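In: Prediction below, plus the sequence it came from.
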Amino acid sequence: MPSRITLLGATGSIGKAACEFLQNYPDKFDVAAISGHRNVARLVEISDLLKPELVVISDENYFDALKQAVSSATHQPRLAAGKSGLQEAATIKADRVLAAIVGAAGLSPTLQAAKSGASIALANKECLVMAGKFLMQSAHEILPVDSEHNAIFQVLSDKPNEIKEIILTSSGGAFREFTRKQMQHITPEQAMHHPNWSMGAKISVDSATMMNKALELIEAKHLFSMPAEKLKVIIHPQQIIHSMVRYCDGTILAQMGVPNMYLPVAHTLSYPHRLPAPAHHQFDFTDTTKFDFSLPDKVKFPALNLAEQILNAGQASAIIFNAANEIAVEAFLQKRISYLAITDIITRGLDEYHADEPKNLDDVILIDNKARQIVEEIIKKID
Ligand code: NDP
Ligand code: MG
């Protein structure tokens with residue numbers, strides 16, 4: 001079992017599950033470093049709970065506030081800030097690093113952590129979408145935290161020829177039952193309210209547009225080296241089955257549990273062992289009377305069609321796809337664009353910008369930056 005853990009993005013919703021898990025096992029793990037971006041109060045609270053060696057605030061404008069808050073805290077860790085601070089957190093000696101920063105901002109620290117030799121518990125799916133090949137080559141071990149990929153990881157055999165397909169389950173998002181007409185008026189507040197999960201703002205919107213499932217298809221392609229035609233999505237509103245693998249002999253292996261992120265976070269932080277979970281994280285069969293399944297509606301959720309296009313395209317298209325989504329989601333949260341405009345804008349971004357394949361991380365970042373500028377321009381024109 002790993003004994004020294006670092007939490008990148010400790011102040012977020014995945015970070016919260018990790019804190020709950022680590023607090024349950026104070027004698028089994030030491031925390032090397034934790035990072036947050038702006039949430040100083042929560043960062044200091046976690047520092048007092050988990051007693052890390054290093055605490056990093058990645059937005060350096062908040063460094064003074066962090067120093068002041070820590071001066072009256074119980075635990076007195078070493079402090080750092082900004083890009084260099086985040087690099088220090090990513091590369092400090094640790095057995096396992098939980099990569100739980102949201103979006104493209106997590107790519108460099110995750111790659112740095114992988115190159116420093118730590119095993120990576122990966123929540124930040126955007127990293128794989130942007131730089132799947134580079135990340136898979138740099139890391140000696142990636143343990144998927146995303147609940148679908150964690151499920152697949154747990155039931156996947158090491159004989160790829162025997163795998164018929166990988167089936168990602170999806171709740172269908174908050175607007176599964178909406179017509180396209182009803183979708184015209186969806187607000188950020190509605191999109192933030194997911195039926196089964198409590199998550200950060202960006203992934204809540206991604207779930208509502210099903211961009212989350214689109215990103216997850218690309219994530220699965222890299223994690224499990226699967227061709228596009230073997231990757232399927234099925235709607236399962238109860239979200240008890242977290243994903244499945246269908247084998248050539250007709251067997252389907254599924255992983256089940258309550259729909260929260262404690263389970264996959266606990267699994268990846270304790271892997272290859274398992275530690276007992278508290279009673280409220282145990283699934284009770286008398287709670288759910290039926291399991292429903294249906295096919296996703298790609299007309300209502302065009303993100304899934306875009307995903308098919310990206311799965312068969314190169315890495316550059318995936319970077320543009322991810323960047324366009326991040327910018328469009330931000331604009332939607334700021335009420336600059338409508339819910340339905342999100343996937344339209346991503347489509348326009350992909351039409352307007354074609355880049356050469358990236359040869360290294362610098363190229364990835366260049367394509368990402370340029371895609372963001374182009375998509376901002378598209379949004380300004382419709383503002
Ligand atoms: P949150 O928004 O709740 O948390 C994001 C974390 O990243 C916070 O610690 C935040 O710091 C930090 N952060 C934000 N911006 C930056 C930046 N520019 N530089 C460095 N750090 C930054 O997100 P979630 O925890 O929900 O999601 C984290 C990742 O995990 C995402 O990639 C998401 O797709 C993935 N994931 C999440 C799931 C979930 O159920 N939540 C499920 C599966 C995957 P601060 O709060 O201090 O600003
Ligand atoms: Mg998921």
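Out: Perfect, I can see it now. Numbering: from 1, shown residues only. Ligands and ions are numbered 1, 2, ... in the order given.
In: only C-alpha atoms for contact and neighbour calcs from this point on.
Out: OK.
In: What lies in contact with the longest helix seen in the chain?
Out: Taking DSSP state H as the criterion, the chain has its longest helix at helix 361-382. Contacts to helix 361-382, defined as Cα atoms under 8 Å, 6 or more residues apart in numbering, come from residues 130-131, 134, 316, 319-320, 323-324, 327-328, 331, 337, 345-346, 348-349, 352-353, 355, 358.
In: Quick check: closest non-adjacent residue to residue 339.
Out: Here the nearest residue to residue 339 in space, its sequence neighbours aside, is residue 186; by Cα to Cα, 6 or more residues apart in numbering that works out to 6.0 Å.
In: Would you check that the one you found makes contact with residue 337?
Out: No. Residue 186 is not in contact with residue 337 according to Cα atoms under 8 Å; the separation is 10.8 Å.
In: host element of the closest residue to residue 154 other than its chain neighbours?
Out: Spatial nearest neighbour of residue 154, chain neighbours left out: residue 255 (7.2 Å); criterion: Cα to Cα, 6+ apart. Take DSSP states H and E as the rule and residue 255 turns out to sit in strand 252-256.
In: Go through that strand and flag the buried ones.
Out: Within strand 252-256, the residues scored as buried using 16 or more other Cα atoms under 10 Å are 252-255.
In: any idea which of the residues you listed is closest to ligand 1?
Out: Taking Cα to the nearest ligand atom as the measure, ligand 1 lies nearest residue 255 of the buried residues of strand 252-256, at 15.8 Å.
In: in what helix or strand does residue 331 lie?
Out: Element membership for residue 331, per DSSP H and E: helix 315-333.
In: what's that helix packed up against?
Out: Contacts defined by 3 or more Cα pairs under 8 Å, 6 or more residues apart in numbering; DSSP states H and E place helix 315-333 against helix 125-138, helix 201-209, helix 303-311, helix 341-352, helix 361-382.
In: Could you rerun that using 6 Å?
Out: helix 341-352, helix 361-382 (3 or more Cα pairs under 6 Å, 6 or more residues apart in numbering; DSSP states H and E).
In: Single out the most deeply packed of those helices.
Out: Mean neighbour count (mean count of other Cα atoms under 10 Å) peaks for helix 341-352 among the helices and strands packed on helix 315-333, with a mean of 19.
In: Between helix 201-209 and that one, find me the angle.
Out: With axes from the mean of the first three to the mean of the last three Cα atoms, to 10 degrees applied, the angle from helix 341-352 to helix 201-209 works out at 90 degrees.
In: Who are the packing partners of helix 341-352?
Out: Packing contacts for helix 341-352, counted by 3+ Cα pairs under 6 Å, 6+ apart, involve helix 315-333.
In: Contacts (any at all) between ligand 2 and stretch 251-265?
Out: No. Looking at stretch 251-265 against ligand 2 by Cα under 5 Å from the ion, there are no contacts, and the closest approach is 9.2 Å.
In: Now find how far off-centre that stretch is within its chain.
Out: 16 Å (Cα atoms, centre = their mean, to the nearest Å).
In: before we move on, what about stretch 127-142?
Out: Here the centre of mass of C-alpha atoms in stretch 127-142, compared against the chain's by Cα atoms, centre = their mean, lies 14 Å away.
In: And ligand 1, is it touching that?
Out: No. Using Cα under 6 Å from any ligand atom, stretch 127-142 stays clear of ligand 1, coming no nearer than 7.9 Å.
In: mind listing what's buried in that stretch?
Out: Buried positions in stretch 127-142, judged by neighbour count with 16+ other Cα under 10 Å: 127-132, 134-136, 138-139, 141-142.
In: what's the first-to-last distance across stretch 102-120?
Out: By Cα to Cα, to the nearest Å, the extent of stretch 102-120 from end to end equals 15 Å.
In: quick check: mean pLDDT across it?
Out: Mean per-residue pLDDT for stretch 102-120: 97.
In: before we move on, the earlier item: out of residue 186 and residue 337, which sits in the more crowded spot?
Out: Ranked by neighbour count (other Cα atoms under 10 Å), residue 186 and residue 337 place residue 337 first, with 19 against 16.
In: quick one, the helix or strand where residue 219 lies and helix 341-352 angle?
Out: Here residue 219, judged by DSSP H and E, is contained in helix 211-224. Relative orientation of helix 211-224 and helix 341-352, computed by the same axes, to 10 degrees: 50 degrees.
In: Off-centre distance for the helix or strand following helix 211-224?
Out: Per DSSP H and E, helix 211-224 leads on to strand 231-235 as the next helix or strand towards the C-terminus. Its chain's C-alpha centre and that of strand 231-235 lie 18 Å apart, by Cα atoms, centre = their mean.
In: Show me what strand 231-235 is packed up against.
Out: strand 163-170.
In: Okay, now the sheet partners of the strand it packs on, with direction.
Out: With DSSP bridges as the test, strand 163-170 is paired with strand 231-235 (parallel), strand 241-247 (antiparallel).
In: who touches the longest one?
Out: With Cα atoms under 6 Å, 6 or more residues apart in numbering as the contact definition, strand 241-247 has outside contacts at 148, 151, 162-169, 252-256.
In: Farthest pair within those residues?
Out: Greatest spacing in the contacts of strand 241-247, by Cα to Cα: 162 and 256 (22.0 Å).
In: what about residue 20, neighbour count?
Out: By other Cα under 10 Å, neighbour count at residue 20 equals 15.
In: and the angle from the helix or strand where it lies to helix 201-209?
Out: Residue 20 is part of helix 13-24 when elements are defined by DSSP H and E. Calculated by the same axes, to 10 degrees, helix 13-24 forms an angle of 120 degrees with helix 201-209.
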